[in-house]
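Colleague: coordinates for the following, if possible.
(chains A and B)
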2 protein chains.
Amino acid sequence: MKPVNLGEKLALFSSHWDPHVVADYNGNDVMVVKFQGEFPFHRHETTDDFFYVLEGEMVMDLEGQPSQLVRAGELFIVPKGVVHRPRAECEVKVLLIEPKGEPNSGDSGRAPASKPRI
Amino acid sequence: MKPVNLGEKLALFSSHWDPHVVADYNGNDVMVVKFQGEFPFHRHETTDDFFYVLEGEMVMDLEGQPSQLVRAGELFIVPKGVVHRPRAECEVKVLLIEPKGEPNSGDSGRAPASKPRI
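Modeller: Numbering: from 1, shown residues only, chains lettered A, B, ... in the order given. Model prediction:
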């Protein structure tokens, strides 16, 4: 039971689109991730998708709705079932929360369900 | 489906120990709170307790374990069942996540289960 410094955790890896688990909350993985560029459009059928931008900014593209700019200090929660795609022109650092075992892409055939822990 | 700017939300109220709901995540309230001073020792029997310090610093006192200083940019998750008490010498601003209906104090007789939404 120690505080988790998210900046220190983010300094431990440089890969993009590679969430690392830093804590657990009620069966959810609490993760940090860095990314640049765009992810494929996808949806999570059974869970909301929690994003909190720690540094930089990202755009959340949403099917059938205006894209949303999300800046450092801002939270964006994608409701379950909504098709979305995060993207960022420059590297962005984000806090993510998802139920354990949920693949990034929402499709269990496309991404590992277990993320590295740091 | 809009970004939630936590600083803007925190500017909407000045009360302490008064979490305000800013978003929903899978049946959880995502909240911001300000506090100064100390809360009563308490435990949540059925849920972990998620704290992320946005501004300032707090101390988490823990029964039978060393107290932990938690600074801005740091996360602290109290596992369910663990007796704890957050406190802060100066005002601190915190992002909280708890299942909907969970009282702050972990005791349904002592705190309202429904928090204001902003």
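
Colleague: show me what from chain A comes close to chain B.
Modeller: Counting by C-beta under 8 Å from any C-beta of the partner chain, chain A comes close to chain B at A:1-7, A:22-26, A:28, A:30, A:47-48, A:50, A:52, A:54, A:60, A:62, A:65, A:68-71, A:73-80, A:82, A:95, A:97, A:99. For every residue, glycine as well, the C-beta is placed using N, CA and C.

Colleague: tell me the buried residues within these.
Modeller: Buried subset of those (neighbour count, 16 or more other C-beta atoms under 10 Å in any protein chain shown): A:3-6, A:22-23, A:25-26, A:28, A:30, A:47-48, A:50, A:52, A:54, A:60, A:62, A:68, A:70, A:73-78, A:82, A:95, A:97.

Colleague: next step: those restricted to strands.
Modeller: The strands, defined by DSSP state E, take in A:4-5, A:22-23, A:25, A:28, A:30, A:50, A:52, A:54, A:60, A:62, A:68, A:70, A:74-78, A:95, A:97 from these.

Colleague: quick one, grab the pLDDT at residue A:104.
Modeller: For residue A:104, the model assigns a pLDDT of 74.

Colleague: also residue A:1?
Modeller: 87.

Colleague: and if you look at residue A:101?
Modeller: Taking residue A:101 on its own, its pLDDT is 85.

Colleague: with residue A:108 instead?
Modeller: The model reports residue A:108 with a pLDDT of 54.

Colleague: got the contact list for the residue positioned nearest the centre of chain A?
Modeller: With distances taken as C-alpha atoms, centre = their mean, residue A:96 lies nearest the centre of chain A, 4.1 Å away. By C-beta atoms under 8 Å, 6 or more residues apart in numbering or on different chains, the contact set of residue A:96 is A:19, A:29, A:30, A:31, A:32, A:33, A:49, A:50, A:51.
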